[in-house]
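**Q** have a look at this prediction, sequence included:
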Amino acid sequence: MRCFSFDVRGKHLSEARHWSAPEVFGPRAHFSTSPPPAALLVRDVKRRDEGVYRCRIDFRNTQTTSFRYNLTVVVPPEKPVVVDRWGRIINTTTLGPHEEGDDVLLTCRVLGGRPEPSVRWLVNGVLVDEEYEHNTGDVIENRLLWPAVRRADYAAVFTCQAANSHLVPPKELSLVLDMFLRPLTVEIRRPAQVGEGGELTAERRYEVACESAGSRPPALLTWHKGKRQLKRITEELRDNLTVSVMSFVPTLDDDGKPLVCRAQNPNVSALFLETSWLISVVYPPVVRLRLGSSLAAGDIKEGDDVYFECHVRANPPARKLSWLHDVSHPSSLIPQTNYMPNIKFI
């Protein structure tokens with residue numbers, strides 16, 4: 001069947017008559033003589049245009065010449081679609097968020113294409129899986145299992161690529177891996193006003209800072225003293241660093257207690273890291289004097305022997321203990337200078 005003709009008989013080349021069969025190329029075809037070589041140009045090639053074409057050239061004074069051309073039409077596949085492990089289509093450019101240790105299972109589906117396309121997975125531009133299989137109809141699938149994602153996988157680019165010819169770029173879909181990350185560091189910054197041995201002074205206000213880095217999203221910092229959570233805090237973000245400043249007034253009961261700073265991923269409670277500071281609080285002696293524990297105050301009569309117990313609590317420990325009787329008299333000091341914890345005086 002004739003599909004196109006270019007006739008210059010009795011005419012100048014620029015006045016040649018073009019004819020294109022409506023049922024074949026119609027207005028999509030045009031014969032071009034400049035620049036050489038002359039060629040038949042077909043726009044918007046259709047799949048039905050595929051086949052063997054014969055070009056016949058009739059000369060005025062010489063023998064007719066003909067050539068055969070095999071036209072193969074490549075039909076690109078449709079853009080890939082990616083579904084998760086539950087068969088849900090991922091309509092965003094983000095994958096996740098996932099936690100460290102999760103297995104990522106993705107299925108790339110490609111419809112159509114002629115010749116049959118190859119479907120493969122790339123991670124950060126590196127080929128990791130090129131095994132695919134046919135599903136129903138013209139659907140081709142490639143399943144990718146990326147086990148136990150790590151921190152290093154954060155922001156990795158997973159690309160499904162379908163290609164069936166070097167003539168056109170491959171069709172592809174890329175997803176960026178989002179992750180919830182646990183804090184990497186947490187550190188308590190002790191205030192500059194602490195003593196030489198790191199002691200705090202009772203009834204004096206201090207501001208203690210805690211810093212944490214590595215969490216995504218930024219860590220939530222909480223303070224605990226013993227089993228009680230402390231509330232008087234301020235928090236700010238500095239680049240990838242979360243800084244919490246806690247203000248508190250230590251008491252003598254805080255001596256020897258741990259001050260804990262806990263950094264926790266706000267979206268996953270199990271992703272946390274904490275550090276503690278065992279605080280030492282210095283305070284003046286606290287003295288309690290009482291009648292001997294084996295005596296009954298109501299049974300004491302003149303002539304009986306009595307004794308007293310002096311209980312002393314101090315940090316650092318008291319080094320001297322003095323007993324006084326009837327402090328209104330100058331001679332009231334009792335010569336007792338050696339200190340013994342909870343000393344008894346008879």
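**A** The structure has been received and is ready for your questions.
**Q** number of nearby residues for the residue nearest to S5 when sequence neighbours are not counted?
**A** Distances taken as C-beta to C-beta, 6 or more residues apart in numbering place W19 nearest to S5, at 4.6 Å, with adjacent residues excluded. Glycine gets a C-beta too; all of them are placed from N, C-alpha and C. W19 has 12 neighbouring residues, counting by other C-beta atoms under 10 Å.
**Q** next SSE after the strand or helix carrying W19?
**A** Following DSSP states H and E, the helix or strand that holds W19 is strand 17-20. Using DSSP H and E, the helix or strand that directly follows strand 17-20 along the chain is strand 29-32.
**Q** point out where the stretch 51-200 of the chain drops to low pLDDT.
**A** Low-confidence regions of the stretch 51-200 of the chain, defined by pLDDT under 70, are absent; no residue qualifies.
**Q** and the helices in it?
**A** Under the criterion DSSP state H, counting those that start in this stretch, helices are not mapped anywhere in the stretch 51-200 of the chain.
**Q** bridging residues for R288?
**A** The residues listed as beta-bridge partners of R288 by DSSP bridges are H311.
**Q** so what's it scoring on pLDDT?
**A** For R288, the pLDDT comes out at 85.
**Q** what's the answer for the one 4 residues further on, then?
**A** Predicted confidence (pLDDT) for G292: 81.
**Q** what of N338?
**A** On pLDDT, N338 comes in at 45.
**Q** same check on D255?
**A** Taken from the predicted model, the pLDDT recorded for D255 is 90.
**Q** how about the contacts made by it?
**A** When contacts are counted by C-beta atoms under 8 Å, 6 or more residues apart in numbering, D255 touches I279, S280, V281, Y283, N315.
**Q** out of these, which is nearest to L324?
**A** The shortest separation between L324 and any of the contacts of D255 is 22.3 Å, and it belongs to Y283 (by C-beta to C-beta).
**Q** if I look at that closest one, how far off is A38?
**A** Distance of Y283 to A38, computed by C-beta to C-beta, to the nearest Å: 105 Å.
**Q** which one's more surrounded, the two?
**A** Shown here are Y283 and A38; by other C-beta under 10 Å, Y283 has more neighbours (20 against 12).
**Q** what bridges to the more buried one?
**A** When assigned by DSSP bridges, Y283 has beta-bridge partners N315.
**Q** can I assume it is in contact with A314?
**A** Yes - checked against C-beta atoms under 8 Å, the pair Y283 and A314 is within contact range at 7.0 Å.
**Q** circling back to that earlier point, between which two of the contacts of D255 is the distance greatest?
**A** Pairwise distances across the contacts of D255 peak at 12.2 Å for I279 and Y283 (criterion: C-beta to C-beta).
**Q** ok, now how distant is R60 from F31?
**A** The value you get for R60 to F31, if C-beta to C-beta is used, is 18 Å.
**Q** looking at these two, which is more packed in?
**A** With neighbours defined as other C-beta under 10 Å, R60 and F31 compare such that F31 has more, 15 against 5.
**Q** what's the closest non-adjacent residue to the more buried one?
**A** Counting by C-beta to C-beta, 6+ apart, F31 lies nearest to F6, which is 4.3 Å off, once chain neighbours are set aside.
**Q** tell me the contacts of that neighbour?
**A** Here F6 is in contact with A16, R17, H18, W19, F31 (C-beta under 8 Å, 6+ apart).
**Q** one more time with 6 Å, if that's ok
**A** The contact partners of F6, taken as C-beta atoms under 6 Å, 6 or more residues apart in numbering, are A16, H18, F31.
**Q** how about those in a markdown table, adding pLDDT and distance to W323?
**A** Putting these into a markdown table (pLDDT from 0 to 100; distance: C-beta to C-beta, whole Å) gives the following:
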| residue | pLDDT | distance to W323 |
| --- | --- | --- |
| A16 | 87 | 133 |
| H18 | 90 | 128 |
| F31 | 90 | 126 |
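**Q** closest to C55 out of the residues you listed?
**A** The nearest member of these to C55, counting by C-beta to C-beta, is F31 at 10.6 Å.
**Q** what bridges to the closest one?
**A** With DSSP bridges as the rule, F31 is bridged to L40.
**Q** what sits against it?
**A** Remark: with contacts taken as C-beta under 6 Å, 6+ apart, F31 is in contact with F6, H18, L40.
**Q** could you measure from the second one over to F31?
**A** In this case it means H18. Applying C-beta to C-beta to H18 and F31 gives a distance of 6 Å.
**Q** check L145 too.
**A** According to C-beta to C-beta, L145 and F31 sit 55 Å apart.
**Q** tally of neighbours for Q264?
**A** Using other C-beta under 10 Å as the criterion, Q264 is surrounded by 21 other residues.
**Q** surely it touches L273?
**A** No - no contact is recorded between Q264 and L273 when judged using C-beta atoms under 6 Å, the distance being 8.0 Å.
**Q** please, where are all the strands along the stretch 101-250 of the chain?
**A** Counting by DSSP state E, counting those that start in this stretch, the stretch 101-250 of the chain forms strands over residues 104-111, 118-123, 126-129, 133-134, 139-146, 157-163, 171-180, 185-189, 199-201, 206-213, 220-225, 228-230, 233-238, 241-248, given from the N-terminal end onward.
**Q** alright, calling it a day.
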